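S.K.: What would the 3D arrangement of this be:
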Amino acid sequence: MRRLPLLTPEQYSRVAFWALLLLMGIVMTGAGVRLTGSGLGCPDWPKCYGGIAPPLKTHALIEFGNRGLSGLVGIVAAAAGLLAFRRRPFRRDLAVIGLLLPLGVVGQAVLGGFTVRNHLAPGFVMGHYILSMLLLSAAVTLLWRSRHEPGSRPRSTDRLQVWAVRALLPLGAIAIFLGTAATASGPHAGGAGTGDVIDRLEWKGDDTLSWVVSQHAKAAGLLGIVAVAIWLLVRRRGTQPRTLRSMTLLCCLIGAQGAIGVTQYNLKLPSELVWFHVSLAGFIWISILFAVAAAGRLEPRRQPAVDRTEQRQPTRPVAHVG
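M.R.: The predicted structure follows:
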């Protein structure tokens, strides 16, 4: 550890930025693997067709290339975790969050192996994407906190605004979860080989896809309506320009996502549009996290001071006899 260089806060913030960027990149390439039907391009793990290098087949090269990029992401994530201990001044919170990144990447690799071994079972594929969103949450937290020293930003007293922005987190999580279910029940199961037999979600039979897409559309529509309402609230109060900028970007991304979603459904889910849709979901999640961070932490409620003189029991005069 001592051989690693000492970093200033600005230098470590750049490391955290690259970690977030590459983690988002692996989400996009992972979606590309599935949508090109290359999920079983390498039918075994960690090797590919029993060898170290993949054969000269398109799907094998795509799948193995994503594994190679995952290795690069793991190196950067490990650097973000280890270099947190070499940042000066040292901050324990950054070290703890930084260590979550390499642990999460290892978890992704193991989960990816189980996904391949179980022939892209929908539960494993959905878990793979959801774990990616959790990793992005840790990376955004690390980047934001690395750019702000403890106590450098005053806490907010606008409880309505802060809690309104925080309400986007569960709404966004529900919309993303239903989106993974829609992909798992759709035509892009991840395998394209003649021998690839891949299960899909089908608890409603042939109507599963239309039902899941309907629920996903309702959740996404609700997220968009709430986001616009919060944007109007933040704009009206005008107390936090950074929050307003974050909400403006979020509303634009949700609007673009809605347009892509409607178009891809009407065009019978072409893989190219589905890739944009899945990738944009990651950027929307990142935007929600940054909006929540920009809204700030709340000032603790202050208890009214109690007048100690009021707590004293009145003394009765002592009567003297005689």
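
S.K.: any idea where the helices of the stretch 151-300 of the chain begin and end?
M.R.: Remark: helices assigned in the stretch 151-300 of the chain by DSSP state H, counting those that start in this stretch are 159-166, 168-184, 208-237, 241-266, 271-295.

S.K.: What is the fourth one packed up against?
M.R.: Spelled out, that is helix 241-266. Judged by 3 or more C-beta pairs under 8 Å, 6 or more residues apart in numbering; DSSP states H and E, helix 241-266 is in contact with helix 159-166, helix 208-237, helix 271-295. For the C-beta atoms, the positions are set from N, CA and C on the backbone; glycine is no exception.

S.K.: Just send those back as TSV, with mean neighbour count too.
M.R.: Listed next are the helices and strands packed on helix 241-266 as TSV, based on neighbours: other C-beta atoms under 10 Å:
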stretch	mean neighbour count
helix 159-166	16
helix 208-237	17
helix 271-295	21
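
S.K.: Turn those into CSV, including distance to P5 and mean pLDDT.
M.R.: As requested, the helices and strands packed on helix 241-266 are exported to CSV (distance: least, C-beta to C-beta, whole Å; pLDDT from 0 to 100):
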stretch, distance to P5, mean pLDDT
helix 159-166, 37, 94
helix 208-237, 41, 93
helix 271-295, 28, 92
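
S.K.: closest one to P46 among those?
M.R.: Among these, the nearest to P46 by C-beta to C-beta is helix 271-295 (24.7 Å).

S.K.: and that closest one, how far from the chain's centre?
M.R.: 8 Å (C-alpha atoms, centre = their mean, to the nearest Å).

S.K.: circling back to that earlier point, out of the helices and strands packed on helix 241-266, the one nearest G123 is which?
M.R.: Nearest of the helices and strands packed on helix 241-266 (C-beta to C-beta): helix 208-237, 14.2 Å.

S.K.: on contacts alone, who are the packing partners of that closest one?
M.R.: Partner elements for helix 208-237 (3+ C-beta pairs under 8 Å, 6+ apart): helix 159-166, helix 168-184, helix 241-266.
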